[in-house]
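Q: Fold the following and give me the result.
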Amino acid sequence: MAKILLEHIKKEDFSDWDVSFWLIKRKLVNKENQYSALTVEIDGKLTNKFKSYLKKQLQEKAYHIETYDYSNADGEDVLFTMDLDTTDFKKVIDEINKGFDNARVEKYDDLLNSWGYVILFEKNEKKLFSWKQISADTQAKKVKAKDKVFFKNHKLIDVDENQVFVIYPYFDFFAFEEKVIIAHKRQFENSMNFRDGMIAKSKDLLTEFTQLGTFQNIELIEKFIGNNLHHLRKMASIFKSGYYKQPDYIKSLIAVNSTEEWNLKIENDQIVIEEETIGLLLVLLNNDRLRSIINDETFDASAKSIVKK
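A: Numbers count the residues shown, from 1 in each chain. Down below sits the predicted model:
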C-alpha cells in the first residue's frame, strides 16, 4: 500500500496543483498537545519553489519503504510509513481543514513562537500535506548582526531592520491518503511528540526486567535513560527485539562477557547493573556487538539486518 502511494506521488504532475502555507502553533493543555493553524499568504515565486522542493525530494530520488518503528535507523534512501490516525499530525490536518475559519497571519509578530509549518498541495479532492519543524535556526527573528547585509536591486542593504523567516528546501514528513510518509525520523518524532510513547515502552521494559529476576539495581537504568531520545530509542529497540526474554541468550551473554572480559559485573548468575557499564549492557541486550567473519574485528552496530540464521 505505502509503495503504491509513493509511486502515485512520483507519477503526479504537481504543476497545476494549488499551494498554501500554514503556520502551526502548539500548546500544552491538561498534559495534551493542542494545535492551531494560521494561513499565510505567499507569492507565485515561492509557490513554484515549494513545488520544486517536493519534486526533488520525493519524485527525483529512489527510496525503499519500511514500516515505522521506534528502533528504525534514519537513512538517506529510506522512507518510513505509518497510519495517519496514530499520530498527532491528524490533529494538525483537522485544524488546516477548517480553511477560512482559521486566523490569517496579519503581522510579523504572528510568525513568532511557531512549532512548524505545513505546505499543502491540493487539486480537487486530492491533498498532500508536507511538514517542516521550526527549529532555533528557522524560527522567525529580526536579524541583529551588524556585519551582515543583503544584496538586492543592485545594492547592499543593511539587514538590521529586516524581519526574517527561514524556509528549508526539504520537508520532514508528508501525509497523503491517510498515510504518513517520513523522510526524517528524528524530526518526525520530535514534532509529533513520540518521546512519550518511547518513555512508555522504556517503563514496560524495566517492568519486565524486574519480573525476570536477571538483573540487580534496575533503578540505575531508569536514571540513565531519563528523557534522552537516543537512550529511549535503544530501549524501544531492546523491547522489540526481545532477546532478553530468551533464557539461553542471557546465559550466553554472561558466559561471553567473562571470556571477552567486557567488565559486566556478575553475581549469582545475575547481571549487577553499574553506572559505568549501563551503555555496554544496553548494546549487548540488543545484540548490537557484532564480529566480522572476514577479519575478526568486533563492532558495536547502530543498525543491522539479519543475513542468515
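Q: can we go C-alpha only for contacts and neighbour counts from here?
A: Noted.
Q: And the strands in the stretch 201-309 of the chain, which stretches?
A: Assigned by DSSP state E, counting those that start in this stretch, the stretch 201-309 of the chain shows strands spanning 215-216, 265-267, 270-272, 289-291, 298-300.
Q: now swap in the stretch 51-200 of the chain and tell me
A: Assigned by DSSP E, counting those that start in this stretch, the stretch 51-200 of the chain shows strands spanning 64-67, 78-83, 116-123, 126-133, 141-142, 149-152, 155-158, 163-164, 173-176, 179-182.
Q: rewinding a little: please dump the strands of the stretch 201-309 of the chain into a markdown table; it should also carry mean neighbour count for every row.
A: Shown next, in a markdown table, are the strands of the stretch 201-309 of the chain (neighbours: other CA atoms under 10 Å):
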| stretch | mean neighbour count |
| --- | --- |
| strand 215-216 | 16 |
| strand 265-267 | 14 |
| strand 270-272 | 17 |
| strand 289-291 | 14 |
| strand 298-300 | 12 |
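Q: Throw those strands into TSV and include mean pLDDT and distance to residue 283, thanks.
A: Shown next, in TSV, are these (pLDDT from 0 to 100; distance: least, CA to CA, whole Å):
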stretch	mean pLDDT	distance to residue 283
strand 215-216	95	15
strand 265-267	96	15
strand 270-272	96	14
strand 289-291	93	6
strand 298-300	91	7
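Q: How far does stretch 106-119 stretch from one end to the other?
A: With CA to CA, to the nearest Å as the measure, stretch 106-119 spans 18 Å from end to end.
Q: Any buried residues in that stretch, and which?
A: Residues of stretch 106-119 classed as buried: 111, 113-119 (neighbour count, 16 or more other CA atoms under 10 Å).
Q: That one - what's its average pLDDT?
A: Regarding stretch 106-119, the rounded mean pLDDT is 90.
Q: which residues are in contact with it?
A: By CA atoms under 8 Å, 6 or more residues apart in numbering, the residues outside stretch 106-119 that reach it are 19-26, 50, 105, 129-135, 139-141, 163, 191.
Q: Just the buried ones from the residues you listed?
A: By neighbour count, with 16+ other CA under 10 Å, those hold 19-26, 50, 105, 129-134, 139-141, 191 as buried.
Q: Which ones among those residues lie within helices?
A: Filtering the buried ones among the contacts of stretch 106-119 for membership in helices, criterion DSSP state H, returns 50, 191.
Q: Count the neighbours of the nearest residue to residue 182 once chain neighbours are set aside for me.
A: In this structure, residue 182 finds its nearest non-sequential neighbour in residue 173, 4.3 Å apart by CA to CA, 6 or more residues apart in numbering. Look at residue 173: counted by other CA atoms under 10 Å, it has 22 neighbours.
Q: how close does residue 173 get to residue 258?
A: 45 Å.
Q: same thing with residue 106?
A: According to CA to CA, residue 106 and residue 258 sit 67 Å apart.
Q: quick one, domains of this structure?
A: As given by automatic domain parsing, the domain ranges for the chain are 2-193, 197-300.
Q: and the longest one, how far from the chain's centre?
A: Spelled out, it's domain 2-193. Relative to its chain's centre, domain 2-193 lies at 14 Å (CA atoms, centre = their mean, to the nearest Å).
Q: got it, and the last one?
A: From the chain centre to the centre of domain 197-300 is a distance of 24 Å (CA atoms, centre = their mean).
Q: okay, how far is it across that domain, tip to tip?
A: End-to-end for domain 197-300, by CA to CA: 26 Å.
Q: Stretch 5-22 now?
A: 24 Å.
Q: State the pLDDT value of residue 165.
A: At residue 165 the predicted local confidence, pLDDT, stands at 80.
Q: What is the burial count for it?
A: Neighbour tally, residue 165, other CA under 10 Å: 16.
Q: same deal with residue 61?
A: 11.
Q: let's have the chain start at 646 instead
A: Happy to do that; since the first residue is 646 now, the last one works out to residue 706.
Q: nearest spatial neighbour of it, skipping sequence neighbours?
A: The shortest distance from residue 706 to any non-neighbouring residue, by CA to CA, 6+ apart, is to residue 722 (8.0 Å).
Q: Spit out the contact partners of residue 836.
A: Going by CA under 8 Å, 6+ apart, the list of residues near residue 836 reads 760-761, 778.
Q: possible to save those as JSON lines with distance to residue 883?
A: Listed next are these as JSON lines, based on distance: CA to CA, whole Å:
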{"residue": "760", "distance to residue 883": "31"}
{"residue": "761", "distance to residue 883": "31"}
{"residue": "778", "distance to residue 883": "28"}
